[in-house]
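J.: coordinates only, no sequence provided:
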Ligand code: BEZ
Ligand code: FE
């Protein structure tokens, strides 16, 4: 039995202690964690002060979390881990719509009827969003539940400025009709920086990175017998499409946000100025359940 360890013996010693783990999965995960963490430390050879700073960073990340702010998700997103986990769990299959990161700003939205305005309490150009949801087998996803959320024209979500919006705004739930079709009004969102007033902001600065996400609208779509879809539709031409801070962009998710000249009224709705439209078809995977 060894009771004393050095740089060359410590890793195997820690792994050996896990032989009696509660499950094979727990043993595998624990062993991989120790091996990769030790390899990281061997590579960077931190001073005691640097290791203390690393622990301070993780402590501050936890302390920044509350019921409205999840700094660990932000850390996972900005290190590309969220995109890696998404890629592992949602491989591209046929013409099924590609997924992307969930992000920290989802809350269950209020339900609206088709054609209604979910953006009345936020600022921005009037925007008409339309589309359809179908299954990869070909059928329309009648009655699909479509949750939508996005920022206002200044790049802020309702949950970041409840004092201004007075409640949930720029988010809604819509139920697709019997053809899987839907449409609704909202306000054009904008590109925005993720929150930088915490340790993740400090990390981005230290890494020489900007904090911006390209303009996008989030969609979470579910239908019986289909794999739930969590995705975005990005605005074509946005300056940050090639450098999204959370690595969420996929070519197939970029669409034109079409700007229209002044109109008084569109589909019976007073617009009184320029307005924007977006149309997109979503395909749900009904082959894997
Ligand atoms: C978002 O798009 O809402 C988001 C995603 C990842 C990190 C921060 C925000
Ligand atoms: Fe977003």
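T.: Noted; the coordinates are in hand. Quantities reported herein were computed from a predicted structural model and do not represent experimental measurements. Ligands and ions are numbered 1, 2, ... in the order given.
J.: run a quick neighbour tally on the closest residue to ligand 1 within the stretch 51-200 of the chain.
T.: When scored by Cβ to the nearest ligand atom, the stretch 51-200 of the chain has residue 103 as its residue closest to ligand 1, at 2.8 Å. Bear in mind the C-beta positions are built from the backbone N, C-alpha and C, glycine included. Neighbours of residue 103 under the rule other Cβ atoms under 10 Å: 21.
J.: how is this protein divided into domains?
T.: 1-45, 75-284 (automatic domain parsing).
J.: one step back: and the residue of the stretch 51-200 of the chain closest to ligand 1, how close does it get to residue 201?
T.: Counting by Cβ to Cβ, to the nearest Å, the gap from residue 103 to residue 201 is 16 Å.
J.: rewinding a little: sec struct for the residue of the stretch 51-200 of the chain closest to ligand 1, please.
T.: Three-state call for residue 103 (DSSP: H, G, I helix; E, B strand; the rest coil): coil.
J.: that one reaches residue 218, doesn't it?
T.: Yes. With contact defined as Cβ atoms under 8 Å, residue 103 counts as touching residue 218 (6.7 Å).
J.: just to revisit the earlier point, okay, the domains of the chain, which one's buried deepest?
T.: domain 75-284 (a mean of 17; mean count of other Cβ atoms under 10 Å).
J.: hang on, the earlier thing: so what's the residue of the stretch 51-200 of the chain closest to ligand 1 up against?
T.: 73, 77, 218, 246 (Cβ atoms under 8 Å, 6 or more residues apart in numbering).
J.: got the phi and psi for the third one?
T.: Right, the one you point to is residue 218. Note on residue 218: backbone dihedrals following degrees, to the nearest 10 are phi -90, psi 140.
J.: the closest residue to it other than its chain neighbours pairs with what?
T.: The shortest distance from residue 218 to any non-neighbouring residue, by Cβ to Cβ, 6 or more residues apart in numbering, is to residue 149 (4.8 Å). Beta-bridge pairing for residue 149 (DSSP bridges): residue 171, residue 218.
J.: for residue 149, list the residues it contacts.
T.: Contact partners of residue 149, counting by Cβ under 8 Å, 6+ apart, are 105-107, 109, 157, 170-171, 217-218.
J.: check those residues one by one and keep those near ligand 1.
T.: When contact is defined as Cβ under 6 Å from any ligand atom, those meet ligand 1 at residue 105.
J.: reformat the contacts of residue 149 as a markdown table; add pLDDT.
T.: What follows is the contacts of residue 149, written out as a markdown table (pLDDT from 0 to 100):
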| residue | pLDDT |
| --- | --- |
| 105 | 92 |
| 106 | 94 |
| 107 | 92 |
| 109 | 97 |
| 157 | 95 |
| 170 | 97 |
| 171 | 97 |
| 217 | 98 |
| 218 | 98 |
